[in-house]
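In: Build the 3D model from these lines:
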Amino acid sequence: MTDNSVRLRPLREAELERIRIWRNHPEVRRFMYTQHEISADEHRNWFQRANDDAARHLLIAERRYADTASVPFGFVNLHVVDSDASRAIWGFYLAPDASRGSGSALGEVALTYAFTTLRLHKLCGEVLKNNAPSLRFHQRLGFQQEGVLRDHYFDGKYFQSVICFGLLQHEWQSQSGECI
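Out: Prediction:
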């Protein structure tokens with residue numbers, strides 16, 4: 001059941017600094033493959049490459065309030081890695097000051113976008129094994145654990161395993177009640 005006050009929209013170039021600040025926050029950065037602080041130039045170059053790639057969907061999650069304009073609270077990156085199989089991988093993060101429940105709202109609108117707008121068959125996610133909140137988040141959204149990439153990522157100090165998740169369109173549809 002999607003919250004009607006929450007929506008996804010394309011990321012605008014003018015918002016790059018805002019999401020760079022979110023992305024560089026220590027509580028976000030520590031669970032990413034790229035854990036160094038991202039410079040403005042590096043971020044702008046990433047945006048240009050991703051924005052020029054039709055397989056990438058860079059999206060802002062925002063909540064509409066009756067008395068104010070919409071307030072952005074999260075970022076979603078959907079990358080269609082196999083168009084023939086209608087399969088994508090996702091990444092996401094919340095603003096450090098996002099209110100409680102924002103993760104669930106972001107997850108719901110992102111999955112709706114993935115399976116209805118993009119008409120994906122499968123959405124995949126990768127989570128560092130030490131990221132317990134994201135592991136629980138994927139499970140709550142109905143993702144199934146599909147594998148473990150042992151010692152797959154080196155954070156500069158330690159090797160970490162990566163947990164691979166997948167959610168099929170029909171699984172999402174049966175749990176969400178959405179009709180396509």
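In: ok, which stretches of this protein are helices?
Out: Assigned helices in the chain, in chain order: 16-24, 26-29, 40-51, 102-112, 132-140, 169-176 (criterion: DSSP state H).
In: elements contacting the last one?
Out: In terms of contacts (3 or more C-beta pairs under 8 Å, 6 or more residues apart in numbering; DSSP states H and E), helix 169-176 is packed against helix 102-112. Every residue, glycine included, has its C-beta placed from N, CA and C.
In: Phe154: which of the helices of the chain is closest?
Out: Closest approach to Phe154 among these (C-beta to C-beta): helix 26-29, 15.7 Å.
In: Show me what that closest one is in contact with.
Out: Under the criterion C-beta atoms under 8 Å, 6 or more residues apart in numbering, residues 22-23, 35-37, 93-94, 96 lie in contact with helix 26-29.
In: and among the helices of the chain, the most buried is which?
Out: Among the helices of the chain, ranked by average contacts under mean count of other C-beta atoms under 10 Å, first place goes to helix 102-112 (a mean of 20).
In: Which elements pack onto that one?
Out: strand 6-10, strand 56-63, strand 71-82, strand 87-94, helix 132-140, helix 169-176.
In: Now do the phi/psi pair for the residue sitting furthest away from the middle of the chain.
Out: Ranked by distance from the centre of the chain (C-alpha atoms, centre = their mean), the top residue is Asp67, with 27.9 Å. Asp67 adopts backbone torsions of phi -100, psi 0, taken as degrees, to the nearest 10.
In: Arg18 versus that one, what's the distance?
Out: The spacing between Asp67 and Arg18, counted by C-beta to C-beta, to the nearest Å, is 22 Å.
In: so what's the residue most central in space within the chain up against?
Out: Central residue of the chain (C-alpha atoms, centre = their mean): Phe92, 2.4 Å from the mean position. By C-beta under 8 Å, 6+ apart, Phe92 lies in contact with 74-77, 106-107, 110.
In: Any idea what it is bridged to?
Out: When bridges are called by DSSP bridges, Phe92 pairs up with Val76.
In: So for it, what's the pLDDT?
Out: Phe92 is assigned a pLDDT of 96 by the prediction.
In: any idea how far Asp151 is from it?
Out: 25 Å.
In: Likewise for Gln160?
Out: Separation of Gln160 from Asp151 (C-beta to C-beta) stands at 7 Å.
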